[in-house]
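S.K.: Provided below are the primary sequence and the corresponding predicted coordinates.
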Amino acid sequence: MQNQNQQNYQESNQMQPQMNHAGHEMFMGHEAIGGLISGMEQTLLYEQHIQDPELKTIMQRQKDFQTQLYNTIIDTWKTGQDPSTPTQSYEMTQNNNVMYGMTPSQPKSPAQSVNEINDECISGFMMGSLKSCATSFASAALETTNPVLRRVFADSIPNIIEMAYEVFLYQNKHQYYQVPQLKQEDMQNYINGFAPIQGGNGNMMQ
């Protein structure tokens, strides 16, 4: 009986690399890659409606990076091995200057025609797609058994976050995405709500 049970198992080092994937890994990875594709395809619809050249440049730079990211993931997806082009680091062009505070604005409602789609709408679409992509990549990485594919998904998440932050900074600069703050007293209470461990030096090993 024990020998029969052992026959039902197979170690990864006894498998061809392209077969070194779990079933749930295939499902989660397929969903993550599909989300990336969806975001890239949506830019084809958005770019013709962009008015601001800066936003168009951001979209194009991000799409170019996502194209390379997609090819890197698919390379590992198909081979189970290191991709020919490793994951890159996305470098945004926006500075890190965030404008805090709220300015009164007109209440918003959904656009009723394509003619009402503007740069605020499009930057919001971009942000939503990137947030969804980061979430699906994190879920896929946590469910992936192939070590190379897991690392590719995991290493790609900071890049997606950076792209989302770049879009946020653009939105914030144009007051599409305003950032309220707590009262100084309340904020200070939150900041002082945690204390370091006494006697800890932050080192796990000596």
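M.R.: Thanks, I have the structure now.

S.K.: do you know how far Cys133 is from Phe168?
M.R.: From Cys133 across to Phe168, the span is 15 Å (Cβ to Cβ, to the nearest Å). (Glycine included, C-beta is placed from N, CA and C.)

S.K.: Apart from its chain neighbours, what residue comes closest to the most centrally placed residue in the chain?
M.R.: In the chain, the residue lying closest to the centroid (Cα atoms, centre = their mean) is Ala134, at 2.7 Å. Spatial nearest neighbour of Ala134, chain neighbours left out: Ile160 (4.4 Å); criterion: Cβ to Cβ, 6 or more residues apart in numbering.

S.K.: my read: the one you found touches Ser136, true?
M.R.: No - applying Cβ atoms under 8 Å, one finds Ile160 not in contact with Ser136, separated by 9.7 Å.

S.K.: Which one of the two is surrounded by more residues?
M.R.: More crowded of Ile160 and Ser136, by other Cβ atoms under 10 Å: Ile160, with 26 against 20.

S.K.: So the more buried one belongs to a helix, correct?
M.R.: Yes - assessed with DSSP: H, G, I helix; E, B strand; the rest coil, Ile160 lies in a helix.

S.K.: For it, give its distance to Ser38.
M.R.: For Ile160, the distance to Ser38 - Cβ to Cβ - is 14 Å.

S.K.: What are the boundaries of the strands in the chain?
M.R.: Counting by DSSP state E, the chain has no strands at all.

S.K.: Have a look at it and report the helix or strand with the lowest mean pLDDT.
M.R.: Every helix and strand of the chain was ranked by mean pLDDT, DSSP states H and E. The lowest is helix 2-7, at a mean of 52.

S.K.: ok, for Leu130, nearest residue in space, not its chain neighbours?
M.R.: Ala164 is the one closest to Leu130 (Cβ to Cβ, 6+ apart), at 4.0 Å.

S.K.: ok, that neighbour touching Ser132?
M.R.: No - judged on Cβ under 8 Å, Ala164 makes no contact with Ser132 at a distance of 10.1 Å.

S.K.: Looking at those two, which has the bigger crowd around it?
M.R.: The neighbour count for Ala164 versus Ser132, taken as other Cβ under 10 Å, is higher for Ala164 (20 against 16).
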